[in-house]
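Novice: build me a model from this:
(2 chains)
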Amino acid sequence: MKTERQIALGRRLLPWILLIAAVMRLVGLGWDDYAGLHPDERNLVAGAAELSFPDAMLPRFLAYNGLSLWLPKLAAVGCVGFEGAECLTWAARLVSALFGILTLVAGVAVAGALAGAVAGCLAALLLGLSEPLLQWSHFGTTESAMAAAPLVLWLIAIGYLRGRLSLTHTALAFGATLGLATGLKTSAASFALVPLAALLLGPSPFALRRLAAAGGAVALAAGLFVMFTQSVLFDRAAFLSTMAFERGVVSGAQEVFWTRQFEGASPGGFELRQLWQMTEGVGLALAAIGLWAALRGANRTLWLPALAFCAAYLALIVTWEAKFIRYLAPVVPVVLCLAAAGAAWVLDRFRSDLSRAAIAVSLAVFGLSGISLWVGHLRPDPRLSAAADLARRVAPEDTILVEPHDLGSYLLGRPVTLLPLEAPPDPETMGRVLDQGDFMLILSRRNWSVLPGARGFDTVCRYYSALARGALGYEVVTTHRRDAPLAGLLAPGVAAEETRVVFDRPEVLILERVRRLSAEEMAAILAEDAPPERCAAPALAAEWRLPR
Amino acid sequence: MMLPAQEMAEVLRWLVWLWIAGWLVFPIATRLSPGSCDGGYVLSKLLGLLAAGYAGWLLPALGLARFDASGSAIALLSLALVRFAWRARDTVLPGVAPLKTMLTVEGLFVILFAFGLSQRLHMPELTGLEKFTNLAFLMAARGAETMPPVDAWLAGREINYYYLGHAITALWSRLADVPGDHAYQLMMATIFATTSLATGLAVMELLRRGGRWVASVCAALAALAFAYGGNLHSLLYQAFRDWMPTEKPVFHYPDSTRFIGFDPDVADKGFTEFPAYAFLVGDLHAHVLGTPVFLAVILVLLGVARRAAAGAGVGYGAAAALGWLLGLFAAINPWDLVTAGVPALLLWLALVGRVTADRMATATVIALACAAATAAPFAAAFQSFSDGLRPVDARSPMWQLLVLYGHALPAAAALATLIWVRRGRAGVELLCASGLLLSAIVLLALPELVRMEDIYGDDFSRANTMFKLSFRAQSLILIAGFCAVGFLAQGRTAAFASALVVAAPLVGTLAYVPQTFTPPRAGLTLDGLGFLGAERPLAEALIDAPLAPDEAIIEAAGESFTDTARMSTVSGKPTVLGWRGHEWLWRNNSEILDRRHRDVAVFYTTGSTAERCRIVQRYRLRYAVIGQAERAAHPDLNEEGIVALGPILAQAGDSKIVTLRADECSP
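Specialist: Numbering: from 1, shown residues only, chains lettered A, B, ... in the order given. Below you'll find the model as predicted:
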């Protein structure tokens, strides 16, 4: 197919791709019936619920900045059909979805401007069907905005470097965007690298006019930040305490459950593996080609602001102990724009049937995971179906054991008993608690994929090894999963960072105590040595699936 | 009449829908069979059979639709859309076959179908060997709304086996509106007829340049040998038994399939089955269901070879079709990825250098991508239970391999000689026939080198590998062998005499015919459930009884090839545990199976209502069977305790099915 035909085809398809991708972001927001099963989102919604005008303007929940809470609050005005926390959850997700659409449009504009119409169309496909971008668009948190902001800044930078935006307009746009981004999340301050790079790459970067414009942009951004994060002024101690806590989590100084999954993770290697998985491998491979083509191409200067930002940002987060994939949100759209450019380069350079077939297959593999996730979000949440299933099985006097840090046990509407997994338990304590139970509800892999391998959790390793084999008398009677097409092939495996799976598509296990071992017998089993490989996440994942 | 009027109507419906499906995909088949002597008609029957089933299965397998009556509609609509779109693009090739071709092929098909059906209905009862297993898959799929279906022998779990062929049969049973056991019989006959036709057509295609008469005779003999013939053992151990070493007093038809390691009886055993045996035995097992796919692959490969020889390169449509067929194998019978992969690879190697690198590479990418896409919905839900390849510990004695497959040797020598004589001028037909025979040799050699690790004991470590590979090798030997006969027969006196020498052992495999041939006769029936005897009313009641998707029945659990699990098998409704040995093979977890076996025993024997109710709740039981198998398995069966849990759904003598009322056991 000649390039002209490709371009014409791309232009015809682009509006449809954008429309479908936008619909995919807006449909599927009720993936958990707005039950608040995403823990970060739940906290955000709770924080937003506490706000009111004019009595309670200062948020008490400070992990997110004020705009993160006020935007859903304002969007909640449009709620129809539900109220309270459900309404706020919907509103938060709607805001995310809209940011997701912004990411899509900005990415298409960037790729089209830098690598041509075909790249723009391919960017629409890649960004539109990207599994992490779709997922974040359905979460009422800030990842979607953090993905959009660098792209918008990059688009402004391109306009400035091409001379299409005046210095004043550029400064205003940079300032406003940065201010809004930091109003959502303080870490967005790192996005300033994009305008900084643009300024340095532009003509006479140290000319007084430009320095003044930069100062104005900074002032605007700072002013917006303060306007949306008034806690900085009026509740500084709490704000700084929260920032210190977050910094401690990130650096590893503050030990929290959610960072145990990163024990032993290699700096850089972990992030690379996550990026590889998030882009189905082909995205990252195409991005590498795109990077090479970009650095050799005529528009090299226009690529550099984003590339410089990504390099610096990745260098920064690689040093962190906390390696949540949400920190990769600003980088993913840039990678996908590079991938689009790489694919377009391959098509143009080789112009062969093989190159077209290879790109088509790559895009299909990439897109299928996003489509599978989206269709899954239209299906019932497994925790809801598991709760209903368990309610049919249990008698009023039965005791249900649950694991810590998993959301969803409140769906049962009855008291539950917590397994003492987090403080490393001794066998006797575990035996006593297990002896109380009649049923066990494992709501996700959050605990079993992390704790057995953590330092000092030998008993937990033995516990899960024995539990999975049925040696403790508890056996899986049913499994609930989100019904997504090809999930068995496309859903992230145990090597994926837990937030890709645990929040929206956990595998829920209902276990019944089919054999009544005594507490002493169970303690004895838990005191026996178990080979570490039997409690490794892949081994447990295999056990939980037998039989499926 | 051969069948009762109502069953004749079922047969007619089945045949009409087969014709419709073939008509819908005919334009594609024509494109895939450029220059073929039937214009692609036989291929269209194969593809129609498969495509209708796959189309009806695909959306439910992706969770996007239900596998119920709408599945049939989706299947046909999909094919109609494809035909419409294809014809809109391609108006050059005919959209329908010439009337003469259609009548000839359909006439042959109906005759073969009648013979195949009469053979199947000689002993129509669907019990014995793996018929029970296959019926359980079929009925589970027929009653399923989602794919994979719930395993009828392990309530609450999905089938973990290559069930697509059974799902296709289930869809056809809905399409033609026939009961599941009738569909079993009709599908066996359909496979008998379509694959015999395809075998004959393959020979005809490769011989048609040399004269119609020779091609027709060789094609007919190949089809006959495929449908009814054995291997060389069948000839030698019947006609020349006195001269052959044997420990057995008389020839029995399985002997030709149980020779290596059985006669004489040694530790290393192998199965050497072939299509005629499979048709006789009547197991609608994975390798049988894969036979239409295999023959379709062969026909498509021949089309690719012809097109490439004509200088038209490799068509991307053919590559996609090949990919789709290979993908089907992954879900029907993955062994055929090897058996079809070998001739495909040989053709690929032959085309390298003859077709542009870009075209070859692109066709390869398309084929592999289509295969992966086709298999993906199955693979997403399947957990492999094989433990990988291992080198073999023993090999078959050469003399026994010669006894089994020596009928291929003269053909091999003839083809090699012809290629040598015509070197540089060997036509594509000769090269294709040689390639098929070479593929057969490779497939026969592979079990002498490697084996797939499975649960069968040491004595049978190679058995399954040998079985699956040699099963297809036999078909390839027949096609290539009769082609060799045809090539020689087209020559002068010496060549013609050589043709007779080559033909003799091949035709000699027809010595198996007395074991397999059953002429059509009146008074047959499609009914496969006669083995239920007095308990049949229970099964019929259970088939029609409502059961929610997460509910189950309970009946006696037992070892493989016993009378247990009969109700779940014939109704498709899942029981707590069916044939334990089979489930162990598919799940590789005996602890869960042991626990279920205990639960079934407890349910039937405990005096404690609370304990029984726990089991009812655990498995969401709706019906309990109390029949002959249950009384035999549990002599101290507590009938009173079970009957107290609800009303009788159906009763036949002492046997009954109890409906377990939810409120009797609610927590």
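
Novice: next, please give the residue ranges for the strands of the chain.
Specialist: With no chain named, the answer covers chain A. Secondary structure of chain A (DSSP state E): strands at A:400-402, A:417-418, A:439-442, A:474-480, A:508-513.

Novice: think we crossed wires, I meant chain B
Specialist: According to DSSP E, the strands that chain B contains are B:389-391, B:450-452, B:552-554, B:621-626, B:648-652, B:655-659.

Novice: quickly run through the sheet partners of the fifth one, with directions.
Specialist: Within its sheet, strand B:648-652 is paired with strand B:655-659 (antiparallel), according to DSSP bridges.

Novice: what's the angle from the partner strand to strand B:621-626?
Specialist: Strand B:655-659 and strand B:621-626 are oriented at 160 degrees to each other (axes from the mean of the first three to the mean of the last three Cα atoms, to 10 degrees).

Novice: extract the C-alpha trace of strand B:655-659 and format it as PDB.
Specialist: The C-alpha coordinates for strand B:655-659 follow below in PDB (Å, rounded to 0.1, in the frame of the first residue of the first chain):
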ATOM      1  CA  SER B 655     -34.200 -46.300  40.700                       C
ATOM      2  CA  LYS B 656     -35.100 -42.700  41.300                       C
ATOM      3  CA  ILE B 657     -33.900 -39.100  41.100                       C
ATOM      4  CA  VAL B 658     -34.600 -36.900  44.100                       C
ATOM      5  CA  THR B 659     -35.000 -33.100  43.700                       C
END
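
Novice: mind listing what's buried in the longest helix anywhere in chain A?
Specialist: Secondary structure of chain A per DSSP state H: the longest helix is helix A:84-115. Buried residues in helix A:84-115, counted by 16 or more other Cβ atoms under 10 Å in any protein chain shown: A:85-115. (C-beta placed from N, C-alpha, C; glycine too.)

Novice: ok, residue B:602 touching residue B:610?
Specialist: No. The pair residue B:602 / residue B:610 is not scored as a contact, 11.4 Å apart, by Cβ atoms under 8 Å.

Novice: more neighbours: which of the two?
Specialist: Each of residue B:602 and residue B:610 has its neighbours counted (other Cβ atoms under 10 Å in any protein chain shown); residue B:602 has more, 15 against 8.

Novice: can you tell me which residues contact the more buried one?
Specialist: When contacts are counted by Cβ atoms under 8 Å, 6 or more residues apart in numbering or on different chains, residue B:602 touches B:611, B:612, B:615.

Novice: pretty sure residue B:297 sits against residue B:340.
Specialist: Yes. Using Cβ under 8 Å, residue B:297 is in contact with residue B:340, at 4.5 Å.

Novice: that older thread, pick the one among the contacts of residue B:602 closest to chain A.
Specialist: Chain A lies nearest to residue B:615 out of the contacts of residue B:602, by Cβ to the nearest Cβ, at 9.5 Å.

Novice: so that closest one versus residue B:624, what's the distance?
Specialist: 10 Å (Cβ to Cβ, to the nearest Å).

Novice: any common contacting residues for the two?
Specialist: Residues touching both residue B:615 and residue B:624 by Cβ under 8 Å, 6+ apart: B:554, B:603.

Novice: ok, the two, which is more surrounded?
Specialist: For residue B:615 versus residue B:624, neighbours defined as other Cβ under 10 Å are more numerous around residue B:624 (24 against 21).

Novice: give the contact list for the residue nearest to residue A:105 when sequence neighbours are not counted.
Specialist: Among residues not flanking residue A:105 along the chain, residue A:18 sits closest, at 7.2 Å (Cβ to Cβ, 6 or more residues apart in numbering or on different chains). Shown in contact with residue A:18 (Cβ under 8 Å, 6+ apart): A:104, A:105, A:108, A:124, A:128.

Novice: ok, the third one - contacts?
Specialist: Contact partners of residue A:108, counting by Cβ under 8 Å, 6+ apart, are A:14, A:18, A:120, A:121, A:123, A:124, A:127.

Novice: residue A:21 is in contact with the last one, correct?
Specialist: Yes. Using Cβ under 8 Å as the test, residue A:127 is close enough to residue A:21 to be in contact (7.2 Å).

Novice: so for chain B, which residue is the most central one in space?
Specialist: Against the mean C-alpha coordinate of chain B, by Cα atoms, centre = their mean, the closest residue is residue B:289 at 1.7 Å.

Novice: residue A:143 and chain B, how far apart?
Specialist: 27 Å (Cβ to the nearest Cβ, to the nearest Å).

Novice: I should have written residue A:134 there, sorry.
Specialist: As defined by Cβ to the nearest Cβ, residue A:134 lies at a distance of 17 Å from chain B.

Novice: burial count for that residue?
Specialist: Look at residue A:134: counted by other Cβ under 10 Å, it has 25 neighbours.

Novice: quick one: pLDDT of it?
Specialist: Here the pLDDT value assigned to residue A:134 is 97.

Novice: flag the shaky bits of the stretch 101-250 of chain A, pLDDT-wise.
Specialist: Along the stretch 101-250 of chain A, the model assigns pLDDT under 70 to residues A:205.

Novice: let's see that with 80 instead.
Specialist: A:203-207 (pLDDT under 80).

Novice: report the contact partners of residue 137.
Specialist: Picking chain A for this. Listed by Cβ under 8 Å, 6+ apart, the contact partners of residue A:137 are A:25, A:93, A:96, A:97, A:99, A:100, A:101, A:144.

Novice: switch to chain B, that's the one I care about
Specialist: Residue B:137 touches B:149, B:152, B:159, B:161, B:163, B:166, counting by Cβ under 8 Å, 6+ apart.
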